[in-house]
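A.B. asks: Build me a model:
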Amino acid sequence: MALDILIRGGTVIDGTGGDRFRADVAISEGRIEAIGPLEGAVAARIIDASFQVVTPGFIDMHSHSDVTLLDDPGGESKVHQGVTIEVTGNCSYTPYPSGVAGPKGLQEGMGTTMSSVVEWDWETLDEWAARVDDNGVSINIAPQLGQGALRLAAGAVQARPATEDQMRAMKRLAAEAMEQGAFSMSTALNLSPSSYAPTEEVIELCRTVAQYDNAFYVTHARTGAGRFVSMIEEAVAIGHGAEIPVQFSHISITDARSFGIGPEMVGVIERARAGGLDITYDVYPYTAAGIDLNQLIPLWTQEGGTEAFMARLADPDLHGRALQEMRDGVDGKLPSEWGKIVIAFSGSEANQDKVGRSVEDISESTGVEPAELVLRLIEEERDIIGAVIHNRIESDIRFFLGQSTAMYGSDGNAISPTGSYGKTQPHPRFYGTYPRILGRYVREQPAVLTLEDAIHKMSGFPAQRLGLRERGLLKKGLIADLVVLDPETVIDNATFDDPHQYPDGIPHVLVAGEPVVLNGKHTGARPGRVLRRGAA
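C.D. replies: Sure thing, here's the model as predicted:
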């Protein structure tokens, strides 16, 4: 048997959740040719996996790499973790469709989350995908459709339900994106302009999406004081109302008054599943979040797009009103703890000295009140400024990670230490999510879950949600997106102070049978591509 690659002597965990077993893995023409004892096999390349584990490539169910993979097509921060598929288009953000906003208007409206050095010149999912594929990319992308982008594309940027004309436009654009291969539609019902949609409007859009095979709905829900249960109930209501599967994004508890209510939240999901709704969630293993700084100020300031937003902040009366609401606690939330909010990204050189410093620290050194400082930074950066916020507790994280309805997503971008994000200080989840789970929550005691369970939640389970037929499992005949890892040493190295650090214990990563990471080094190969729903 002549092969391209033979992974010899490893222990296979196939992504189904079943027991591990010893086997060689043979790869030919990008696919898994054979699994088992293959002593007589001949291959162009031999990878020694003795004392190591061979698994399917990991699927990041919640990423924002839609355009960072144009800036950094090697996807270094993710592929070094073993990620071979980035699920993009989360939290209502996508770089398509542009509609009446046009590419430039859509790019500006997407804010920090979709910040890129690339100037957008495409209008549709197809055109964006062609740009990515033509440029080349090291890992695969499973694109979703952002409802916030739909609102911008239809001109629905006011804090009110969409008009009949706007709904017709959004449905047409949604159908177009789904026909071009989008896997789902996402919302961000606590962010502008996605949050302006009432529940019934989301249900109506989801009914359009639900007509397509294997499509589902994914939501960054309506968070806020006392809403940790009701936000899941709304997601369930949308799922039932549109008869569509639901993926609940980055589940967490971010208000100290509600810490510990995870069982009540997951109980809503379990009851919905018992009632016939296919609903699952994703979570990341950190007690801090990454945010756009505008998430700390009242939503009403952001209505109508960037120019209207900046005009309100420049108005003394409206500026003062926003400032007072921030002091009191926006939307019933506790007032921000400024020492726990650290600037991660600035869109200009003028504020680079603030990256890596807390709002409290900057306030003390400048003499500007923290809330006022935040408003000034947003004005100066025209809303292109991000932060890390420490706002949750370890026991809640451990609970959510271990549940049967959980899969994992980084909520981070595929970037590199030398790329356009190299001078930023992003959340360490960009570099560490998957090895952190495998080390801290699987190997270290007390363990949250077994290695077989963790790999299932990283590969086979999300592949099932996405409807992938040829990826996500280590089975004969499937595409060879594979990871070789050392279960005794795998661990994250990225920290909040020094996030641009690759993990240990993941020496080899293959995408479509081609080594992208070999002996711990990126090979420069770009065998990835944009996948399409139903043809992936």
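A.B. asks: separation between Pro499 and Asp492?
C.D. replies: Counting by C-beta to C-beta, to the nearest Å, the gap from Pro499 to Asp492 is 10 Å. No exception for glycine: its C-beta is placed from N, CA and C like everyone else's.
A.B. asks: shared neighbours of those two, which are they?
C.D. replies: Taking C-beta atoms under 8 Å, 6 or more residues apart in numbering as the contact rule, the neighbours common to Pro499 and Asp492 are 428, 431-432.
A.B. asks: and which of the residues you listed is nearest to Glu337?
C.D. replies: Of all the shared contacts of Pro499 and Asp492, Pro428 has the smallest distance to Glu337: 19.8 Å, by C-beta to C-beta.
A.B. asks: wait, doesn't that closest one sit right on Ala494?
C.D. replies: Yes - checked against C-beta atoms under 8 Å, the pair Pro428 and Ala494 is within contact range at 3.6 Å.
A.B. asks: what residues do the two have in common as contacts?
C.D. replies: The contact lists of Pro428 and Ala494 share Gln501, where a contact means C-beta under 8 Å, 6+ apart.
A.B. asks: what domains does the record give for the protein?
C.D. replies: According to automatic domain parsing, the chain comprises the domains 2-56+471-490+498-522, 58-287+392-466, 292-389.
A.B. asks: gap between the two ends of the shortest one?
C.D. replies: End-to-end distance for domain 292-389, by C-alpha to C-alpha, to the nearest Å: 10 Å.
A.B. asks: How far off centre is it?
C.D. replies: From the chain centre to the centre of domain 292-389 is a distance of 23 Å (C-alpha atoms, centre = their mean, to the nearest Å).
A.B. asks: average pLDDT across that domain?
C.D. replies: Averaging pLDDT along domain 292-389 gives 96.
A.B. asks: one step back: out of the domains of the chain, deepest packed?
C.D. replies: Stretch with highest mean neighbour count among the domains of the chain: domain 58-287+392-466 (a mean of 22; mean count of other C-beta atoms under 10 Å).
A.B. asks: Filter the shared contacts of Pro499 and Asp492 down to the ones in strands?
C.D. replies: Among the shared contacts of Pro499 and Asp492, none falls in strands (DSSP state E).
A.B. asks: For Arg532, which of the domains of the chain is the nearest?
C.D. replies: Nearest to Arg532, of all the domains of the chain, is domain 58-287+392-466, at 2.8 Å by C-beta to C-beta.
A.B. asks: The closest one: end-to-end distance?
C.D. replies: Start-to-end, domain 58-287+392-466 (C-alpha to C-alpha) is 13 Å.
A.B. asks: Under the pLDDT cut-off, which ranges of the protein? List them.
C.D. replies: Across the chain, the ranges flagged by pLDDT under 70 are 1.
A.B. asks: top strand in it by residue count?
C.D. replies: Ranked by number of residues, the top strand in the chain under DSSP E is strand 2-12.
A.B. asks: Can you give the contact residues for whichever helix or strand comes after that one?
C.D. replies: For strand 2-12, the following helix or strand on the C-terminal side (DSSP states H and E) is strand 21-28. For strand 21-28, the surrounding residues in contact (C-beta under 8 Å, 6+ apart) are 1-12, 32-38, 41, 43, 49, 54, 474, 480, 482, 510, 513.
A.B. asks: can you check stretch 326-335 too?
C.D. replies: Contacts to stretch 326-335, defined as C-beta under 8 Å, 6+ apart, come from residues 224-226, 255-257, 296-299, 336, 371, 374-375.
A.B. asks: Secondary structure added to the residues you listed, as a markdown table?
C.D. replies: Formatted as a markdown table, the contacts of stretch 326-335 follow (DSSP: H, G, I helix; E, B strand; the rest coil):
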| residue | secondary structure |
| --- | --- |
| Gly224 | coil |
| Ala225 | coil |
| Gly226 | coil |
| Asp255 | coil |
| Ala256 | helix |
| Arg257 | helix |
| Leu296 | helix |
| Ile297 | coil |
| Pro298 | coil |
| Leu299 | helix |
| Ser336 | coil |
| Ala371 | helix |
| Val374 | helix |
| Leu375 | helix |
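A.B. asks: got the residues you listed as JSON lines, with distance to Leu70 columns?
C.D. replies: Shown next, in JSON lines, are the contacts of stretch 326-335 (distance: C-beta to C-beta, whole Å):
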{"residue": "Gly224", "distance to Leu70": "34"}
{"residue": "Ala225", "distance to Leu70": "38"}
{"residue": "Gly226", "distance to Leu70": "40"}
{"residue": "Asp255", "distance to Leu70": "36"}
{"residue": "Ala256", "distance to Leu70": "39"}
{"residue": "Arg257", "distance to Leu70": "42"}
{"residue": "Leu296", "distance to Leu70": "29"}
{"residue": "Ile297", "distance to Leu70": "30"}
{"residue": "Pro298", "distance to Leu70": "33"}
{"residue": "Leu299", "distance to Leu70": "30"}
{"residue": "Ser336", "distance to Leu70": "33"}
{"residue": "Ala371", "distance to Leu70": "35"}
{"residue": "Val374", "distance to Leu70": "30"}
{"residue": "Leu375", "distance to Leu70": "32"}
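A.B. asks: What is the nearest of these to Ala182?
C.D. replies: Checking the contacts of stretch 326-335 against Ala182 by C-beta to C-beta gives Leu299 as the nearest, at 26.5 Å.
A.B. asks: Is it correct that Met167 is in contact with Glu204?
C.D. replies: Yes - between Met167 and Glu204 a contact is recorded at 6.7 Å, counting by C-beta under 8 Å.
A.B. asks: Considering the contacts of stretch 326-335, which is situated nearest to Ser92?
C.D. replies: Among the contacts of stretch 326-335, Leu299 lies closest to Ser92 (C-beta to C-beta), at 13.6 Å.
A.B. asks: gap between that closest one and Pro263?
C.D. replies: Counting by C-beta to C-beta, the gap from Leu299 to Pro263 is 30 Å.
A.B. asks: Same question for Glu76.
C.D. replies: Distance, Glu76 to Pro263, using C-beta to C-beta: 38 Å.
A.B. asks: what's the longest helix seen in the chain packed up against?
C.D. replies: Longest helix in the chain by number of residues, with DSSP state H as the criterion: helix 164-179. Helices and strands touching helix 164-179, as assessed by 3 or more C-beta pairs under 8 Å, 6 or more residues apart in numbering; DSSP states H and E, comprise strand 145-146, helix 147-154, helix 199-209.
A.B. asks: can you pull out the helices in the stretch 351-500 of the chain?
C.D. replies: Residue ranges of the helices in the stretch 351-500 of the chain, as given by DSSP state H, counting those that start in this stretch, are 359-366, 370-381, 394-402, 429-436, 451-458, 460-466.
A.B. asks: Quick one: list the elements packing against the shortest one.
C.D. replies: If I follow you right, that is helix 460-466. Packing contacts for helix 460-466, counted by 3+ C-beta pairs under 8 Å, 6+ apart, involve strand 58-60, strand 406-408.
A.B. asks: Go through those and name the closest to Gln144.
C.D. replies: Ranking the helices and strands packed on helix 460-466 by distance to Gln144, with C-beta to C-beta as the measure, places strand 58-60 first at 12.4 Å.
A.B. asks: which outside residues touch that closest one?
C.D. replies: For strand 58-60, the surrounding residues in contact (C-beta under 8 Å, 6+ apart) are 78, 81-87, 142, 408-410, 433-434, 458-459, 462-463, 466, 471-472, 483.
A.B. asks: go with 6 Å
C.D. replies: 82-83, 85-86, 409-410, 434, 458-459, 462 (C-beta atoms under 6 Å, 6 or more residues apart in numbering).
A.B. asks: out of the residues you listed, which one sits closest to Gly105?
C.D. replies: Glu86 (25.2 Å).
A.B. asks: Would you double-check that the closest one falls in a strand?
C.D. replies: Yes - counting by three-state DSSP, one finds Glu86 located in a strand.
A.B. asks: how much space between it and Ser63?
C.D. replies: 4 Å.
A.B. asks: One more: Ala272?
C.D. replies: Distance, Ala272 to Ser63, by C-beta to C-beta: 25 Å.
A.B. asks: How about Ser230: what's its closest non-neighbour residue?
C.D. replies: Arg222 (7.7 Å; C-beta to C-beta, 6 or more residues apart in numbering).
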